[in-house]
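K.L.:
Just need the structure, nothing else, for what follows:
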Amino acid sequence: MKVKVCGLNSLENIKALPLEDIDFLGFIFYPKSPRNVTIVPDRSFMQLTSTHSRTGVFVNAPVSLIIRNVFAYGLNTVQLHGNESPDICKELKEQSLVVIKAFSVSHKFDFQTVEQYESVVDYFLFDTPTKAYGGSGHQFDWSVLKGYNGHVPFFLSGGIGPDDAAQIKAFYHKKFAGIDLNSRFEVRPGVKDSLQLMKFLKEVKSK
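P.N.:
Residues are numbered from 1 along each chain as shown. Here you go, the predicted structure:
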């Protein structure tokens, strides 16, 4: 199971995280988010994050802006959290980037919506519906994912918190690839509780 920790915005905080148990480090490039990245992509940043998938999260951003930040921050993964088209996903994937397309799902969600993206993304991310494009701290009903029969692996996101390890270990779907952790593990927006994360990841990865 892959682990993505999103909404990071402090180099000192990243140093304190259990990095050996994390695969994707997420940085939000969305000015309206309280976690909008302010980290300077200097040598310290590049060295500290060099063994992880640096993931830039964008919401309806122009491709030119995404690419500019890909180069500035050395991103190798982009997560598209808005209404981006399959053509945009394809354009980014052709830049040798790992592409994650997020969808807000509920009992009303039509999983046929994602079919047009299947050939142009590497992962889906299924999240809780919110006007703020993520970071709601609320879970959706994971049972709705029984309706997903596609071939693209997905991340489970939306309100996963410190007390949910057993629930995650009990969750099964043949395309379940990993979890996305954010607001429920925060001291404040952009800064994670490293001890809480360490305890949780140890528990969720135990047999």
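K.L.:
can you pull out the helices in the protein?
P.N.:
For the chain, the helices defined by DSSP state H cover 11-16, 43-48, 63-73, 86-93, 165-170, 194-204.
K.L.:
hmm, who's touching the first one?
P.N.:
Counting contacts by C-beta atoms under 8 Å, 6 or more residues apart in numbering, the residues outside helix 11-16 that touch it are 8, 25, 39, 44-45, 48-49, 190-192, 194. All C-beta atoms are positioned from the backbone trio N, CA, C, and that covers glycine.
K.L.:
one more time with 10 Å, if that's ok
P.N.:
With contacts defined as C-beta atoms under 10 Å, 6 or more residues apart in numbering, helix 11-16 is touched by 5, 8, 10, 22, 25, 27, 39-40, 42, 44-45, 48-49, 52, 186-187, 190-195, 197-198.
K.L.:
Tell me which residue is most central in the chain.
P.N.:
For the chain, Asp180 is the residue whose C-alpha lies nearest the centre (C-alpha atoms, centre = their mean; 5.0 Å).
K.L.:
partners of that residue in the sheet?
P.N.:
Going by DSSP bridges, Asp180 is paired in beta bridges with Lys4.
K.L.:
wait, it sits on Phe124?
P.N.:
No: in this structure Asp180 lies outside contact range of Phe124 using C-beta atoms under 10 Å: 11.1 Å.
K.L.:
residues bridging contact with the two, i.e. touching both?
P.N.:
Shared contacts of Asp180 and Phe124 (C-beta under 10 Å, 6+ apart): 100, 102, 154-155, 157.
K.L.:
pretty sure Val37 is touching Val57, no?
P.N.:
Yes: using C-beta under 10 Å, Val37 is in contact with Val57, at 8.9 Å.
K.L.:
which one of the two has more residues nearby?
P.N.:
Set Val37 next to Val57 and count neighbours by other C-beta atoms under 10 Å: Val57 wins out with 32 against 21.
K.L.:
residues in contact with that one?
P.N.:
Val57 touches 4, 6-7, 26-30, 33, 35-37, 75, 77-82, 100, 102, 125, 133-135, 180, 182, counting by C-beta under 10 Å, 6+ apart.
K.L.:
Kindly report the same for Leu19.
P.N.:
5, 25, 48-49, 51-52, 194.
K.L.:
If any of those residues are buried, give me the PyMOL selection for them.
P.N.:
Command for PyMOL, covering only those of those found buried under the criterion 16 or more other C-beta atoms under 10 Å:
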select buried, resi 5+25+49+52+194
